[in-house]
Structure formats: structure tokens, C-alpha cells
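Chemist: Can you look at this prediction? I've put the sequence above it.
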Amino acid sequence: MSGSRKVLYFTCITFCIYFSLSLVGTYLGVHYTPFMRVNVVADVFKMDVNDSITLNKEEAPIAIQQKASYNFSLYRTPHLITNFNIDTNSAALQQFAKKLHLLKTTKKGKVRIAFLGDSMIEGDLMTQTLRELMQQYFGGVGVGFVPLATPGSGIRTTAYSSITGDWQTTNFKSDDKATLFLSGYKYNTNSGSIKITDHSFKDSNAVITKSLLFGYMPTAVAINVNDNALSIYGSNKINKAALLQNNNPQINININNKALDVYGVTFESNDGVFVDNFSFRGISGTEIGKIDSSFLADINKANPYDLIVLQYGVNVLYKPNDVNFNYYGKLMLPVVKKIKQCFPSTDVLIISTADRAFNYAGTYKSAIGIDSLVKLQANIAYQNNCNFYNQFATMGGTNSIVDWANRKPALANKDYVHPNRAGATVLATYFFEALYNDYQKYTQQLNP
């Protein structure tokens, strides 16, 4: 058999397999993670947006527990950070606002935000604008945490990172997830180098501390930092070592010990607000639940956060006719509970999915299940005593992603999923304004 014929047979067989899986996934509601993003029939068999297709009918809705003095329907309000308390004049993020106020009045201390998400924030989208606005108002210089290398490293403009050598990378797609950082990555090398440059600040006189985040290493390990020999060690599951403190935005590190788990480098001034971007393409947020609880608790010791933001959802909306996401709620509820237990002094905020559109009968429209998913995400926050921000409503609600993609100039890509850089700036500005308004509620409580 000729080589070209073999290729043809292989292609036909592969297509038939994917075609069958797509039919099963679309019409029977089968959820199998490795094929979650495979759907070759979504644009072939057009479904009318009014078709009454309900997947997973056997699943009962996740109940919304009624609480005195709380109003669950507040989740629908755009531009609002809510803890569902009927008193909307009080700050929802009480602990976070208190720390911001202390920083603003004393000019001393650090306030950290961990912003976790999927490809919606890849390349530091959203977070770069949020970081800039927060630092302009509350102070601070530095890009915060930078992983060594991810698929989004090449499109990030606020920091440059690269590695050379025989690095081994473990991430959320690997079997061993127990000791991954919030970025979803861990790196090891017998002989490798790291080069990271912080492009986020323009002040050549700003003094920045460059710190390495690494794993359990009770005996000293020799590394080389900008051509200087140093040794690091740490008895916790995750540790932080300050390597340099100067106005040089670049750091070069050489490591020759594969037993050393390396996570990334932080760039922070002595005081201010720092926003860490933790983007991981193609995930739903449930992957965080695989990280060991004691490891998460040690992250809280080594690099504590004052606000953890969870922004997921577009990868849950991977099929155009899904309207029941109770399976996702059952998976995500314990993840959020785990985060709250491991970061007891940290405010947790869930941001809803942004709008996402599919082709229905030849026209792109918002996913028919998006309202159900947003309500479910709000319920996850409600049941875990977390805060919620409706990004879908804030960006304009139904068909807003279509409007954004068709604008001149456009605010979103023609995939009708991802805002572009201009759109991400709009979303970040809206979110900053919501944080600032919540902070203002706190200061007005102090000074009626």
C-alpha cells in the first residue's frame, strides 16, 4: 500500500472517530474530558436557538439555600461586587478593603491579588490593566509572579521569560498535580537557565526585589544569579528566597539540581499592590482541587494573598446546546471550599464567565445555556460565602461578544469567545471600578 493511501485511510478513520464522538457529545450530553474540545458537527448540524434541548435531565438542580439578610438575585447586577448581603451600602470585600485602606493611608505594606483564569487572561490580558490601575492609585511597582515558561509567555508584553537546558515541566495536564503552584506549573532541571525581564515599570530608579519560589529543599542548594553564586534552602513545601534587590528589571538564574522544584520568580517593590496572573489555557478551574491542601496552605505562608479571583467558564460552555451544568457545580463547590480553608484570611471572589457565542442556524448568538452557567457560578459563591462579580452582565449580557467582535474597532476576536487586548482593557477597567467602588463603601463606613 502506498504511503499516500495510508495517510488517506488514517485521516478517514480518525475523522470518523471524531465525528462519532461529536455526535454523541452534542446529542446525548456525554462529558468525556479528553474530547471536551472536539466537536466537528457544531457548525454542520445547525440547531435553532429555541430548540428545547436539555442535557443531563436526570440531574436535579443544585439547591439555593435561603439565608436571612441575603439576596441571591443580586448576582444579576452588572458592575457590582456582591457578597449577596441586602445591605449593598457596605463593602463586600471587607478584609481586602481594610488592607487597601491601610496601605493607602500609611504607604506601607503589601497587598497581593491572585488572579486565576483560563485563556481569557492569557498573556496578562485583563490583569496588566488591573495591575496598572491598582498601582497608580494604591502604589507599588513590579509585575508580580512570572512563571518560567507557558504557552502564553510569547504574547505577554509585561514580562519576558525563557528557559534553556534540559527542563522537565509538570502541569495541570500531567498525572502528578499535588505540588503544583497556582499557575498550574512546576519545573525541574539537571542543568538549566532562566531569564526573566519585568517590562511593566518605567521608573529606572525603582528598587525591585526579585524572589524565587521553590519547593521543599532542607539542605542548601547552590545556584547562580546574575553571575553571582548563592545558596537557597527551605523546609516548607513551598518557599520564597529573595535573590536580588535593585533597579535591574532582569534576572538570570542557573540551576543544576533536578531535585529542586522551581515555580517562578516574583518582581515586587517594598510596598504596594501586586497582581499575579495565573492563566492556564483550556481549564475550568476544577483542576485546582488536585493540588494538595497542605501545599496550598504553605503557599499562603510563603506568598500570602489578600484576594483570590477565580475567573472561569468559557471552557465549560464547550457545546452549543448545553443548558445543564450541575456536574460542574458539584465539582467546583469543593474546590472553592478547599481554597477558603487553605487561605483563611483571604477574600475569595468568583467572576462569572464572559459571553460566548455559537453558530445557530447560520447566525452567531450567545450560548443558550450561558444564563444557567452564570447562575450556577453565583450559587457556588453563595454557598461558599464568597463574593461574586457578573462579568457577563457587565460586558453587556446576551450577544455582547457578537457586538464586541463586530465593532469598528473590534473589542473581541471573531472566534466569538475571546476579547482582544482592547476588549480586555475594557473588562479590566470595569473590574477595577467595581473594586474601587467597593473600597469606597469601606472608607465611607469609617467616615460616614
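Modeler: Done, it's in.

Chemist: For stretch 89-100, give the mean pLDDT please.
Modeler: The pLDDT scores in stretch 89-100 average 97.

Chemist: That stretch: end-to-end distance?
Modeler: Using CA to CA, to the nearest Å, one end of stretch 89-100 lies 18 Å from the other.

Chemist: contact partners of that stretch?
Modeler: Contacts to stretch 89-100, defined as CB atoms under 8 Å, 6 or more residues apart in numbering, come from residues 81-83, 85, 109, 111, 138, 273, 306-307, 345-347, 349, 387, 435, 438-439, 441-445. For the C-beta atoms, the positions are set from N, CA and C on the backbone; glycine is no exception.

Chemist: Quick one, which of those are buried?
Modeler: 81-83, 111, 138, 273, 306-307, 346-347, 349, 387, 435, 438-439, 441-442 (16 or more other CB atoms under 10 Å).

Chemist: Show me those that map onto helices.
Modeler: The members of the buried ones among the contacts of stretch 89-100 that map onto helices under DSSP state H are F138, L435, D438, Y439, K441, Y442.

Chemist: Would you agree A222 is in contact with N228?
Modeler: No. Using CB atoms under 8 Å, A222 is not in contact with N228; the gap is 11.2 Å.

Chemist: burial of D276, as a residue count?
Modeler: 25 (other CB atoms under 10 Å).

Chemist: if we can go back for a sec, for A222 and N228, indicate the residue with more neighbours.
Modeler: Neighbours were counted for A222 and for N228 using other CB under 10 Å; A222 has more, 12 against 9.

Chemist: Grab the nearest non-local neighbour of that one.
Modeler: Closest residue to A222 apart from its sequence neighbours, by CB to CB, 6 or more residues apart in numbering: S231 at 5.3 Å.

Chemist: In the ones in helices among the buried ones among the contacts of stretch 89-100, find the pair that's most separated.
Modeler: The distance between the two most remote of these (CB to CB) is 16.1 Å, for F138 and K441.

Chemist: what comes up buried for stretch 247-265?
Modeler: Of all the residues in stretch 247-265, those buried under the rule 16+ other CB under 10 Å are P249, I251, I253, N254, I255, L260, D261, V262, Y263, G264, V265.

Chemist: in terms of contact, does the second one touch V265 like I think?
Modeler: Yes. With contact defined as CB under 8 Å, I251 and V265 form a contacting pair (6.2 Å).

Chemist: who touches both of the two?
Modeler: I194, I196, K210, L243.

Chemist: Next, the buried residues of the helix or strand harbouring the residue nearest to A222.
Modeler: Per DSSP states H and E, S231 falls inside strand 228-246. Of the residues in strand 228-246, L230, I232, G234, N236, K237, I238, N239, K240, A241, L243, L244 count as buried by neighbour count, 16+ other CB under 10 Å.

Chemist: Output those as CSV; include the columns pLDDT and distance to Y364.
Modeler: Shown next, in CSV, are the buried residues of strand 228-246 (pLDDT from 0 to 100; distance: CB to CB, whole Å):
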residue, pLDDT, distance to Y364
L230, 96, 54
I232, 97, 52
G234, 96, 51
N236, 96, 49
K237, 97, 46
I238, 97, 44
N239, 97, 48
K240, 98, 46
A241, 97, 50
L243, 97, 49
L244, 96, 49
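
Chemist: Dump those to CSV, plus distance to L427.
Modeler: Shown next, in CSV, are the buried residues of strand 228-246 (distance: CB to CB, whole Å):
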residue, distance to L427
L230, 40
I232, 38
G234, 37
N236, 36
K237, 34
I238, 31
N239, 34
K240, 30
A241, 35
L243, 34
L244, 34
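
Chemist: Any idea how far the strand or helix carrying N300 is from the middle of the chain?
Modeler: Per DSSP H and E: N300 is located in helix 293-302. Helix 293-302 sits 18 Å away from the centroid of its parent chain (CA atoms, centre = their mean, to the nearest Å).
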